[in-house]
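[1] sequence first, then the predicted structure:
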Amino acid sequence: MTKPRILISNDDGITAPGLLALAAALHCDGFATFSVSAPSGERSAQSHCISVGKHLHAWQLEVEGAEEAFAVDGTPADSVMIALYGPLLANPTFQLVVSGINRGDNCGLHVIYSGTVGAAREAACKDVPSIAVSLDNYLARTEEQYEAAAAYSLALMKAVLGVLPPPGRHLFGASHLAGHVVNVNVPKGGLADIRGLYLAHQGQHCHFPDFQARAGRTRGSELEADAHVREGHAGAVTLRAFRNAAGSLRGDLSQGCDSWAVGQGWAAVTPICLRSDMPLTATAAAQREQPQVLLAVASAMQAAAKHLGAQLERKLPVAARRAARTPGCHRNAARPHKNTTGATSL
């Protein structure tokens, strides 16, 4: 039986401990083959930024267990885009893209800024199912913390790809997750400290900036290379320097949201759509519910929780529960499909 193929990326850089912990877990388990395409260094808060009008450079590195591993001197989204659409890898066909494990949460509005989510979203834009995994600890340093997050990541990957036994007849395959990101936020601590999996909605959790002034400098010639500098403005100018430090946190502890769930010790699982406009009609709103996506995530969570021996908390909306009772909504509903790049989804 052919093993599924997984692409790993992140925004902390290819040598970051979170990515290496995820790669080590995949290598030790052996249920899938994987390749790595990730930024060459720290690229946090790059969102879905891509490089336009410049060359990207990539060089091969050793990541244990990976078929191929490349560092890319671009953004997180760049590293996924070039892996799926460029000549970088010998085989650009993947059933799943996983971004992480990020050092620090990506709950609430952090999703907008996150390079971790941006890398996963780039795959989703190309109809490749994707998972973004973050560890709720900016000071995460211990192997135990990353190993716990990797264990939960691995269980969800297996469930999404249909490797784990289905929890019932209603197990949707990865094809139902195409065009979506499964955003996973794991609480800090060891495996025994995590309560289980919680199906959460995105909250309003957000940091406000705190710009701090630094001593200014004078320079001239560097501005000449900036295409946006008007003629005659490239002389000596005084630049005011600022540093954006982490300011106050607007937390969101409303029950059921991602940051609340993580604060309660759960690994929060949040399906994210690509569209951000508001539905203008009741019909459009009903179509946006996408019950099969929620069922796909919920059934994967159930299989993963059973595999981990962990608790499960999920409350599906009425449309999803109704879809589960519809004849034909079972595992066989997921059929392979192929996008224009050759990236395949189960």
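    Looks like it came in fine.
[2] can you give me the strands for the stretch 51-200 of the chain?
    Assigned by DSSP state E, counting those that start in this stretch, the strands in the stretch 51-200 of the chain fall at 58-60, 69-72, 96-103, 130-136, 180-187, 196-199.
[3] of all those, which lies closest to residue 25?
    strand 96-103 (9.5 Å; Cβ to Cβ). For glycine as for every other residue, the C-beta is placed from the backbone atoms N, C-alpha and C.
[4] bridging residues for residue 311?
    residue 196 (DSSP bridges).
[5] how much space separates it from residue 166?
    Remark: distance between residue 311 and residue 166 (Cβ to Cβ, to the nearest Å) = 19 Å.
[6] those two: who's more crowded?
    Taking neighbours as other Cβ atoms under 10 Å, residue 311 and residue 166 compare with residue 166 leading, 17 against 13.
[7] quick one: low-confidence parts of the stretch 151-300 of the chain?
    Along the stretch 151-300 of the chain, the parts satisfying pLDDT under 70 run over 168-173, 216-236.
[8] please name the nearest non-neighbouring residue to residue 51.
    residue 74 (4.7 Å; Cβ to Cβ, 6 or more residues apart in numbering).
[9] before we move on, what about residue 136?
    According to Cβ to Cβ, 6+ apart, the nearest residue to residue 136 is residue 105 (4.3 Å).
[10] list the contacts of residue 209.
    244-245, 247 (Cβ atoms under 8 Å, 6 or more residues apart in numbering).
[11] also residue 117?
    By Cβ under 8 Å, 6+ apart, the neighbours of residue 117 are 47, 99, 106, 111, 132, 181, 183, 272.
[12] just checking, the second one touches residue 10?
    Yes: using Cβ atoms under 8 Å as the test, residue 99 is close enough to residue 10 to be in contact (5.7 Å).
[13] looking at the two, which is more packed in?
    Shown here are residue 99 and residue 10; by other Cβ under 10 Å, residue 99 has more neighbours (36 against 31).
[14] could you report the distance from the more buried one to residue 164?
    With Cβ to Cβ as the criterion, residue 99 and residue 164 are 21 Å apart.
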